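K.L.:
Predicted model follows, preceded by the sequence.
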Amino acid sequence: MRSLPTLADSIAEYIKRRVAESPHGYVEIRRNDLAERFQCVPSQVTYVLATRFHVRTGFVVESRRGGGGYIRVVRLPSAQNGLARELYRLIGSRIGSREAREIVLRLRAEGLIGERETRLISGAVDDRTLRVLDFPWRNLVRASILKEMLSALLHEAAGPGSGRRAGKGDEGTP
């Protein structure tokens, strides 16, 4: 017997459908409007975004707070999605300096970053930078930094940071 979808499932499916139907590959929504649509509290929408929409599942989520604030959910192109999954798997919850450097070089080889970004990211995850941390913490912090930078790079490559804006029909109420 098949179980009924949960509220979180329904919200996630709605967002995925909106993204799939968008000619831009992303959708802008307002958290309160989505909560009203599904008759739930806004924190339920936040929960769905945090647990169902991340780089590992092929999405990037951007939020802008304030009166005109929105949440933009972007579907990563499948080539980037596959690369992101592979790199997230390689990084894991901790990563050594040498392995981190290899991942940075892979990003460079894939054309996701240039020489400047290569130097910046390498410097941020280098042992000399993280020497202020006790040894057991270095690899944990390095993995966290690398994952956040990877997420930012993929987000930028997906397009929302490129100045592209959603059309009138893609923003506002769901």
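P.N.:
That came through fine.
K.L.:
per-residue pLDDT, the residue most central in space within the chain?
P.N.:
What sits nearest the mean C-alpha location of the chain, by C-alpha atoms, centre = their mean, is Val60, with 3.3 Å. Model confidence at Val60, given as pLDDT, is 82.
K.L.:
What does it show for phi and psi?
P.N.:
With angles defined as degrees, to the nearest 10, Val60 sits at phi -130, psi 130.
K.L.:
just checking, it touches Ile71?
P.N.:
No: counting by C-beta atoms under 8 Å, Val60 stays clear of Ile71, with 11.2 Å between them. For glycine as for every other residue, the C-beta is placed from the backbone atoms N, C-alpha and C.
K.L.:
Pull the number of nearby residues for the residue nearest to Leu7 when sequence neighbours are not counted.
P.N.:
Among residues not flanking Leu7 along the chain, Cys40 sits closest, at 6.0 Å (C-beta to C-beta, 6 or more residues apart in numbering). Neighbour count of Cys40, defined by other C-beta atoms under 10 Å: 17.
K.L.:
Using the three-state scheme, assign Cys40.
P.N.:
Secondary structure, DSSP: H, G, I helix; E, B strand; the rest coil: Cys40 is coil.
K.L.:
Show the pLDDT at it.
P.N.:
At Cys40, pLDDT is 95.
K.L.:
Need phi/psi at it.
P.N.:
Note on Cys40: its backbone torsions stand at phi -140, psi 180 [degrees, to the nearest 10].
K.L.:
Likewise for Phe38?
P.N.:
In this entry, Phe38 is assigned phi and psi values of phi -100, psi 10 (degrees, to the nearest 10).
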